[in-house]
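Engineer: here is the input, now give the coordinates:
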Amino acid sequence: MAQASGAARVRVGGIVVLDGVSNPPPPGGPEFFGMGSQDLVATVHLDAGDPTEVDLTFTAANDFGYGVRVGFRLPEVSDLLGRAVESAAAADVAIVVVGTTREWETEGHDREEFALPGEQPELIRRVVATGRPTVVVVNAASPIDLSWCDGVAATVQCWFGGQELGAAIADVLTGAAEPGGRLPTTIPVRIEHNPSYDNFPGENGEVRYGESVFMGYRGYEHRAIEPRYAFGHGMGYTTFGFGEPTVSAPTFTSGHSLMVSVPVTNTGARAGSTVVQCYVAPVERNGPPRLVRPPKELKAFAKVRLDAGATETVELVLDDRSFAVWDPGEPGRTELEARHGGVGLPQQSAERRTPGWYIDPGSYQLLIGSASDAIHTHTTIDIEGPR
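Structural biologist: Numbering: from 1, shown residues only. Just a heads-up that it's a prediction; the model follows:
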């Protein structure tokens, strides 16, 4: 099997089996930033233990995005799923490793399905049905459908960990290492819940980023949609307690910084780590804000590692950008007024701001937690001055 951006020819044992030179395959493959060809496929008989020479010749077709990928697939073995389930039923604990490979997701193209490829979801469900305690290790580079996760004892999202992934997973599963990672993205219950769902992949060659500032966890909270796993979520082998936060000043002044101090205690029986997350949420006191804003936004975070029973004060720093909002202004307002004479246009605001970052006065909550949906404590500060 070969895919190329250019012209490639593959010989096995001196015999041409794939000829992309004399018979170029049609374009449309996902490799090489979408410039690769569709797969050329051939069947070759090989004997176990018998060395066979594979020869590849390739000519680039351009100066960018050229290359060739050659691979092989073993003959399909019947009832692999059934054999795996039988093995799981005979074990004390079943560890099911699922996920994707570069065939399903890689740089330059998008996955077509939210679900795990092939029969992997069915494999998980059938292993769970054996009654054996089941741990699922998800080796994927992006969020996938985890609709099966409620029936398993544990789910480990390991992403693409490279050549030491196997050793790392073994350490985590046996407890030799603490799983200290936290989700850098939100995993929805359904793909339709994703804030970008209505805008992607676009149409007529244009992708509209219509979710605007309501991307990621901001969009889920704005629409009151509960995800399967929230941004920042993660578990380990110990637990943590968060004390009351203190701030370096009750009022924030533009051009200065604000220190938020949070005591964190490892309340479990072994060493571990957590990520202290500080979200900023504007409080509506004197009417709605000038611009539409997410319910809260992550503005500072710090990872802390503690021995069992230990306490440490984590310090988080907030600055102007922690409270500022981008105002695009009204660049087309003058043109609209000239075309329509002001008829039918909304009432013009008393203040016309040029595009830029602005800090609106008022009260802001500082929400301290371990995930966007796990806020443990909070405090409030004020920002004085004109808008």
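Engineer: ok, now which ones touch residue 375?
Structural biologist: Listed by C-beta atoms under 8 Å, 6 or more residues apart in numbering, the contact partners of residue 375 are 279, 367-369. Heads up, the C-betas are built off the backbone N, CA and C, glycines and all.
Engineer: ChimeraX command for the buried members of those?
Structural biologist: Entered in ChimeraX, the line below selects the buried ones among the contacts of residue 375, by 16 or more other C-beta atoms under 10 Å:
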select :279,367,368,369
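Engineer: could you dump the contacts of residue 375 into CSV and include distance to residue 171?
Structural biologist: Shown next, in CSV, are those (distance: C-beta to C-beta, whole Å):
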residue, distance to residue 171
279, 32
367, 33
368, 30
369, 28
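Engineer: between the two ends of stretch 185-192, how far is it?
Structural biologist: This stretch, stretch 185-192, spans 16 Å end to end (C-alpha to C-alpha, to the nearest Å).
Engineer: can you check the pLDDT for residue 13?
Structural biologist: Residue-level confidence at residue 13 comes out at 90, pLDDT.
Engineer: could you measure from it over to residue 41?
Structural biologist: 18 Å (C-beta to C-beta, to the nearest Å).
Engineer: got any ranges where the protein has weak pLDDT?
Structural biologist: Low-confidence segments of the chain, defined by pLDDT under 70: 1, 63, 284-289, 331-334, 336-338, 340-352, 386-387.
Engineer: closest to the centroid, which residue in it?
Structural biologist: Most central in the chain under C-alpha atoms, centre = their mean is residue 185, positioned 3.6 Å from the mean C-alpha point.
Engineer: which element, helix or strand, includes that residue?
Structural biologist: Using DSSP states H and E, residue 185 sits in no helix or strand.
Engineer: for it, which non-adjacent residue is closest in space?
Structural biologist: Once flanking residues are discounted, residue 185 sits nearest to residue 143: 5.9 Å by C-beta to C-beta, 6 or more residues apart in numbering.
Engineer: could you tell me whether the one you found really is in a helix?
Structural biologist: No: according to DSSP: H, G, I helix; E, B strand; the rest coil, residue 143 belongs to no helix; its state is coil.
Engineer: what's the local residue count around it?
Structural biologist: When neighbours are counted by other C-beta atoms under 10 Å, residue 143 registers 20.
Engineer: what ranges does the stretch 151-300 of the chain have for its strands?
Structural biologist: All strands of the stretch 151-300 of the chain, identified by DSSP state E, counting those that start in this stretch, fall at 154-157, 240-242, 246-247, 251-252, 258-266, 272-283, 297-306.
Engineer: ok, residue 100 - contacts?
Structural biologist: Residue 100 sits next to 111, 116-117, 139-141, 144 when contact means C-beta under 8 Å, 6+ apart.
Engineer: would you turn these into CSV with distance to residue 21, neighbour count and secondary structure?
Structural biologist: What follows is the contacts of residue 100, written out as CSV (distance: C-beta to C-beta, whole Å; neighbours: other C-beta atoms under 10 Å; DSSP: H, G, I helix; E, B strand; the rest coil):
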residue, distance to residue 21, neighbour count, secondary structure
111, 32, 17, coil
116, 37, 23, coil
117, 32, 18, coil
139, 36, 17, strand
140, 36, 19, coil
141, 33, 16, coil
144, 39, 24, coil
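Engineer: distance to residue 232 for those residues - can I get that in a markdown table?
Structural biologist: A markdown table is the format used below for the contacts of residue 100 (distance: C-beta to C-beta, whole Å):
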| residue | distance to residue 232 |
| --- | --- |
| 111 | 23 |
| 116 | 24 |
| 117 | 27 |
| 139 | 21 |
| 140 | 19 |
| 141 | 19 |
| 144 | 18 |
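Engineer: closest one of the residues you listed to residue 169?
Structural biologist: residue 139 (8.6 Å; C-beta to C-beta).
Engineer: CA atoms only: put stretch 158-168 into PDB for me.
Structural biologist: Coordinates of the C-alpha atoms in stretch 158-168 are reproduced here as PDB (Å, rounded to 0.1, in the frame of the first residue of the first chain):
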ATOM      1  CA  CYS A 158      -3.100   9.200  27.100                       C
ATOM      2  CA  TRP A 159      -3.000  11.000  23.800                       C
ATOM      3  CA  PHE A 160      -0.100  10.100  21.500                       C
ATOM      4  CA  GLY A 161       2.700   9.500  23.900                       C
ATOM      5  CA  GLY A 162       5.600   8.500  21.600                       C
ATOM      6  CA  GLN A 163       8.000   5.600  22.000                       C
ATOM      7  CA  GLU A 164       7.900   5.500  25.800                       C
ATOM      8  CA  LEU A 165       4.100   5.400  26.000                       C
ATOM      9  CA  GLY A 166       3.900   1.800  26.900                       C
ATOM     10  CA  ALA A 167       6.200   2.100  29.900                       C
ATOM     11  CA  ALA A 168       4.400   5.300  31.000                       C
END
